[in-house]
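here you go, sequence then predicted model.
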Amino acid sequence: MTERGITVSYETIRQWRRKFGVEYARKLRRRGGRLGNTWCLDELFVTIQGQRQYLWRAVDQDGDVTDILVQPRRDQRAAERFFRKLLKGQEREPRRLVTDKLRSYEAARRTLMASVVHDTERYANNRAEVSHEPVRQRERQMRGFKSVAQAQRFWSVHGVIQNLFRVGRHLLRSVNHRLLRSRSFLVWQEVTCV
């Protein structure tokens with residue numbers, strides 16, 4: 001909408017995202033294919049209706065969001081559920097898994113991905129920690145989430161679309177940035193059939 005210079009209300013955007021967002025995200029996932037072979041995993045807590053929930057996130061070595069899952073716990077069973085979702089979405093195991101020192105990750109990795117190298121070095125997981133910043137920003141703007149299902153729907157779609165438009169501005173010359181940005185808009189137009 002911003003590209004076309006159209007100003008709309010937040011409610012219109014919310015309804016649009018709910019109606020079309022999942023299908024657009026599905027098309028973008030199909031177009032993008034598999035992501036990197038190093039997964040950085042982390043969880044952060046979000047409060048939804050006064051209850052603490054955990055937003056499990058996986059990003060690849062380039063910072064692209066691989067998958068997201070909202071769960072009420074952060075034990076071994078929750079980690080295994082998240083790993084199964086990741087493996088189903090990517091259809092292969094990563095070469096390397098980078099996490100913090102939460103023991104649930106190691107227990108789940110031993111169960112589901114025993115051959116994968118597991119790295120828990122200090123500062124190795126900064127890629128995942130930094131990827132939480134957009135979550136907190138969006139959470140403040142939306143004044144929290146009303147339900148777990150709403151949070152899961154929103155972040156599943158938002159992560160995929162964010163991957164498309166995040167081009168690493170600070171790493172590029174302005175000419176290259178404009179080229180990548182215009183390429184992102186072309187892909188977006190193909191996906192949305194505009």
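Received it, and whenever you're ready, just let me know what you need. Residues are numbered from 1 along each chain as shown.

all strands for this protein, in order.
Using DSSP state E, the strands found in the chain span residues 38-48, 51-60, 65-71, 96-98, 117-119.

what's the closest of those to Arg31?
Distances from Arg31 to each of the strands of the chain were compared using C-beta to C-beta; the minimum, 15.2 Å, belongs to strand 65-71. The C-beta positions use only the backbone N, C-alpha and C, and glycine is treated the same way.

tell me what the top helix by length along the chain is packed against?
If you go by DSSP state H, the chain has its longest helix at helix 10-32. Helices and strands touching helix 10-32, as assessed by 3 or more C-beta pairs under 8 Å, 6 or more residues apart in numbering; DSSP states H and E, comprise helix 148-165, helix 174-192.

buried residues, that helix. List them.
For helix 10-32, burial by neighbour count (16 or more other C-beta atoms under 10 Å) applies to 17, 21, 24-25, 27-28.

which two in these are spaced the farthest apart?
Checking the buried residues of helix 10-32 against each other with C-beta to C-beta, the farthest-apart pair comes out as Arg17 and Lys27, at 14.7 Å.

where does the protein dip in pLDDT?
Within the chain, the stretches with pLDDT under 70 are 1-3, 32-34, 127-129, 131-132, 137, 139-142, 168-170, 194.

make it 80
By pLDDT under 80, the low-scoring segments of the chain are 1-18, 20-36, 62-63, 123-146, 150-172, 193-194.

surely Gly21 touches Val157?
Yes. The pair Gly21 and Val157 qualifies as a contact (C-beta atoms under 8 Å) at a distance of 4.0 Å.

could you measure the closest residue to Arg103 other than its chain neighbours against Arg109, distance?
Beyond its immediate neighbours in the sequence, the residue positioned closest to Arg103 (C-beta to C-beta, 6 or more residues apart in numbering) is Gln76, lying 7.9 Å away. Applying C-beta to C-beta, to the nearest Å, the value for Gln76 to Arg109 is 10 Å.

these two: which is more packed in?
Higher neighbour count among Gln76 and Arg109: Arg109, with 20 against 17, using other C-beta atoms under 10 Å.

lovely, talk soon.
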